[in-house]
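J.: Okay, predicted coordinates and the sequence, questions at the end:
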Amino acid sequence: MPEHPEPLTPVVYHILFALSAGPLYGYGITAEIESATAGSLRMGPGTLYGSLGRMEGWGLVEPADPPGDHDDAERRDGRQAKRRYYALTETGQRALKKEAQRMERAVELARAREILEGGA
Amino acid sequence: MRWWVKTIAAVLLWLAPRRFRRDRGDAIRQWVDDASEAAATRGGTRAWLRLTTTIGGDGMKTIVREWRNVFAEGTRGLTDLSLDVRFALRAWARRPGFALLAIGTLGLGVGAVTTSYGIVDAVILSPLPYPESQQLARVGQWSQENPERIYAMSYLDMLDLEADPAPFEAVSGSANRRFNLLEGPLPEAVRGALVTPGFWDTMGVPPRIGRAFSREEFERGERVVVLSGGFWRTRFGADEGILERSITLDGQPYQVVGIMPDDFLPPQALSQQNAVMWAPLSGLPEALRESRENTFISALGRLPEGGSLEAARSGLTRFGARIRAEHPDVAGDHYFGAQPLLSQTIGNASSQLLPLVGTTLLLLLIACTNVASLLMVRATERTRELSVRAAIGAGRARLLQQLLTESVLLGVVGGLVGAALAWGGVEVFARLNPGDIPRLAEVTLRPSGLLFSLAVALATSLVFGLAPALVVRRMTPSRPLRGQGSGSASRGTSSVRGGLIALEAGLALMAVMGAGLLVNSYARLSTIDPGFDAEDLYTMNLDYVGDDDPGAINAYHTVVRQELEAIPGVQSVGATWYAPLGGGWGWQSLNIRGVPPREGDRPGHPFRFQVVGGDFLAAMGIPVVRGRGFDDTDVYGTPGKALVNEAFAEWIEPHGDAIGTVFDLGESGLAPGSFEVVGVIGDIRQYELTEPPEPEIYFALPQTPSGSLTWVVKHAGGPGAALTVAMREAVARVTTDVPPRSLVSMERRVAASIDVPRFYMRLLAGLAAITLALALVGVYGTLSFTFSQSVSEVGIRRALGATEDTVSRHLLRRGLVPVAVGLALGAVAVLPATRLLSAFLYGVAPGDPATLAAAVVLLGVTAGLASWLPALRAARADPMTALREG
């Protein structure tokens, strides 16, 4: 299986981030990212699914069963069956953590140079 | 607004590559549904607007990205191709022997067949080198019995047709003419043609410099001449000042008015080959110009654009009817017809080119067989490599693609080699032209030849490159990997190899047999005794212009003879109407005393005759068998004497002895009075070397004086060039009114009479030698490989006690069985093939058993050697090594 590129692109990072809370379906992921970034990263379906396809190929995410506590109304109109849920794999979790740590180090360095406020 | 967002999404999705649409389409539509629902829930134009811009922007980016991915994958295919090409080249570099052999063999086969394509193309297929040449037709007298043939027509008929040529656009007439050019101390005979002023318009080629002569000049009978570009260059140094002056032809000044383009080809179908000048046809002797019966004009017609030959023919039928109605009392067949100039030019060239095409096709077939067996060998050798590649993930399609690339590469390189060979081959063939194939002057390999060559090479390499592909198809990745690396040949491939060996043996037998027949035939030809001694004998044609008085003619010949005899080293000088093997004799009907006349209205007995003078018999080395030859007493006015050849003596035997036979020539005879046979001389081959002697009579020149003669000069030996110069000078001392022509040695004439068979013999022998070599290389290579695959078998046999001898005999048998099968099949197939050669054979039947036996033995022995060497090598291998390596 091909390795994912490092460092992760913002899109990949945010998809992993969104899934870190639990399996989500397509629009759920974009909605989660949008709220997490306060609307600064808005993602369309092409980018989302293109990225998900590649991430699946890298072993970062995998298809997942829909979570049990889902909205009953959606289940009733039969649409839920069509939705594909994605979940993080172990590799995905590690990659997310590694990326977060890398960013943390970058932030620390920036603070040390007083590029950012609240330095050591 | 929901439908709006959905439509945009659908359009964008439609623009994306199909694979993306298929894999992600549902998910994306779902996403759009979900997002629309969210936007609806949130409410407000702003939410919808935001969703629209998100989908639009993202959609565009996605489309660009996905298509780029598709193209990247596509070019990965291209990268595969260049990889394959590099891989193939590296493989060739590793096995240069294989590569050279395969490319060389294919190139040779393709080159040979492309050469014959180039010649067939130039001689038969390509249009004549004149503007709209398909509209040109040879026009002339015609008969129902032989509708393909167009005959000459009379001057008056031609003028009538030219005046009203419809439905032709134009018609012009032409007659051969030999001019005596006097530009310098010695006269020179040059070939030319007399034409009507419409000649240039009909041909569609005007003079390059100056002009053609006008109708007025033609009608006034003015002496004007147009020169060929080549003659103007070589004879007058391309001097344009020639247009200002006149040249001396037949003792008269002719004004040069134009020069033809260098590449203008005098039409062969009008017998204009080698013509270097064109003068008005109105310059003919009056007797010819006023005749409607004497047919000697070759006419040429040009059809109007879109005009049909059928329409022209019915026009000519009407023309003939008109002529017959207007001139009811004129003898001759005034029926007219037309045939395309191209077909009239080509004649029977297609049957002449048949042996060439046939042999080169044989050669190509053998080359193909060789390439196929080489590729088979390679494929078997590579089974392991291919298996490894398959095992590590190369798809079958990928492997096939690689093999195909190698085949195509072989085809392209082989095709280029073939084209290069053909380019040279066509030149060589044109230069060796035996002289009877038309249009060879036009032969060059056209671009279509290159295409042809590549097409043949590619077709060959692809078809025969499939052999290894079959191996791949049958291959399961694991099988060859299980030990048995290069493995011993499977039953299937070994029977294919046997078939290839048989095919090669059979094809080679056909080529060798064909060549053998021609060699055999040529050997018989070259040992034919012509009945005279050609060594140090020279011939020269000389005309006479002057009084018709017998005394004047005889005096002229006496002076010429004395001048020739005065040349140092000349032993004897004679003269004859027609030199042997020059094609020509007289016909004379004899009323022979003591021989009953023939029944019917022509009671005389027709015989060929010659008129000879001087020391003809001595110069020619023809023996007097009985009686005497002519001597100084046989002069004009004395009782007529004649000589006959042995064939005549044999013919007259039943009626009495030849010597003393008396005959007369009747009213329309050569000379009045009766002639007595005084001697029998040896038979000679007069017309063709292959033609058995016929009864012939010889008259004495002084008793039957005639103008034009061929002189025969016997020399003591030495360079011929000096002698021919001396002969020209000797004649010039007598006259400069006529130029001596055809100064050649008799040996050259004899050789020239078998030029054509010699040409085909050499051609086919050369091609057959190549074919045989290819076939032997093929047999040797295939068996070497097969045996090297059997090392383990050899090892086991040797280990079990078989001797080197028994093993090699066993292997030899495996090689010889397919050779024998091939020879047997070839011997059956050879008969219909060699029948095509019948026209080129002399004294040998197409199925000559001796030649066939010799060919079979030659092939059997050489193929035996080619099998024995590898068998011996395989059998000599050390049993232990053999077992280990196996």
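T.: Great, that's in hand.
J.: how about the strands of chain A, start to end?
T.: A:24-25, A:61-64, A:85-88 (DSSP state E).
J.: for the ones you listed, which one sits closest to B:A802?
T.: strand A:61-64 (66.0 Å; CB to CB). In this view, the C-beta of every residue, glycine as well, is placed from N, C-alpha and C.
J.: The closest one vs chain B: in contact?
T.: No. Applying CB under 8 Å from any CB of the partner chain, one finds strand A:61-64 separated from chain B by no less than 10.8 Å.
J.: In chain A, what residue lies closest to chain B?
T.: Residue nearest to chain B within chain A (CB to the nearest CB): A:G44, separated by 2.2 Å.
J.: What residues does whatever residue of the stretch 251-400 of chain B ends up closest to chain A make contact with?
T.: Nearest residue of the stretch 251-400 of chain B to chain A: B:G393, at 14.7 Å (CB to the nearest CB). For B:G393, the contact set (CB atoms under 8 Å, 6 or more residues apart in numbering or on different chains) is empty.
J.: Surely it is in a strand?
T.: No. B:G393 is assigned coil when assessed by DSSP: H, G, I helix; E, B strand; the rest coil, not a strand.
J.: Next one, pLDDT for it please.
T.: Reading off the confidence values, B:G393 has pLDDT 72.
J.: same deal with B:E650?
T.: pLDDT, B:E650: 94.
J.: That one - nearest residue in space that isn't next to it in sequence?
T.: Spatial nearest neighbour of B:E650, excluding adjacent residues (CB to CB, 6 or more residues apart in numbering or on different chains): B:P695 at 7.6 Å.
J.: Equivalent analysis for B:I567, please.
T.: Using CB to CB, 6+ apart, the closest residue to B:I567 is B:A726 (4.6 Å).
J.: list the helices and strands whichever strand or helix holds the one you found packs on?
T.: Here B:A726 sits within helix B:720-734, counting by DSSP states H and E. Judged by 3 or more CB pairs under 8 Å, 6 or more residues apart in numbering or on different chains; DSSP states H and E, helix B:720-734 is in contact with strand B:537-542, helix B:550-565, strand B:709-715, strand B:741-745.
J.: Tally up the residues packed near the closest residue in space to B:A850 that isn't next to it in sequence, please.
T.: In space, B:A850 comes closest to B:N520 once its chain neighbours are excluded; the distance is 8.0 Å by CB to CB, 6+ apart. B:N520 has 19 neighbours, counted by other CB atoms under 10 Å in any protein chain shown.
J.: Next up, the contacts around residue 92.
T.: Assuming you mean chain A. Contact analysis of A:G92 by CB under 8 Å, 6+ apart lists A:16, A:19, A:55, A:59-61.
J.: ah, I was thinking of chain B
T.: B:W92 neighbours (CB under 8 Å, 6+ apart): B:98-99.
J.: distance of it from B:G860?
T.: Noted for B:W92: a distance of 34 Å to B:G860, by CB to CB, to the nearest Å.
J.: give me the residue from chain B nearest chain A.
T.: For chain B, CB to the nearest CB, closest residue to chain A: B:D58, 2.2 Å.
J.: any idea which helix or strand carries that residue?
T.: Element membership of B:D58, judged by DSSP H and E, is helix B:45-94.
J.: go on, B:S116?
T.: helix B:96-120.
J.: the inter-axis angle of that helix versus helix B:45-94?
T.: Note on geometry: by axes from the mean of the first three to the mean of the last three CA atoms, to 10 degrees, helix B:96-120 and helix B:45-94 are set 100 degrees apart in direction.
J.: where does the stretch 301-450 of chain B have low pLDDT?
T.: Per-residue confidence for the stretch 301-450 of chain B (pLDDT under 70) gives these ranges: B:381, B:396, B:434-436, B:441-442.
J.: redo that, cut-off 80
T.: B:330-333, B:347-352, B:355, B:372-404, B:431-450 (pLDDT under 80).
J.: And the stretch 151-300 of chain B, by the same measure?
T.: B:184-187, B:273, B:287, B:293.
J.: hey, where'd the helices end up in it?
T.: Under the criterion DSSP state H, counting those that start in this stretch, the stretch 151-300 of chain B contains helices at B:155-163, B:199-203, B:215-220, B:229-236, B:286-289.
J.: Just the buried positions in the lengthiest helix in chain A, please.
T.: Ranked by number of residues, the top helix in chain A under DSSP state H is helix A:90-112. By neighbour count on 16 or more other CB atoms under 10 Å in any protein chain shown, the buried set for helix A:90-112 is A:91-92, A:95-96, A:99.
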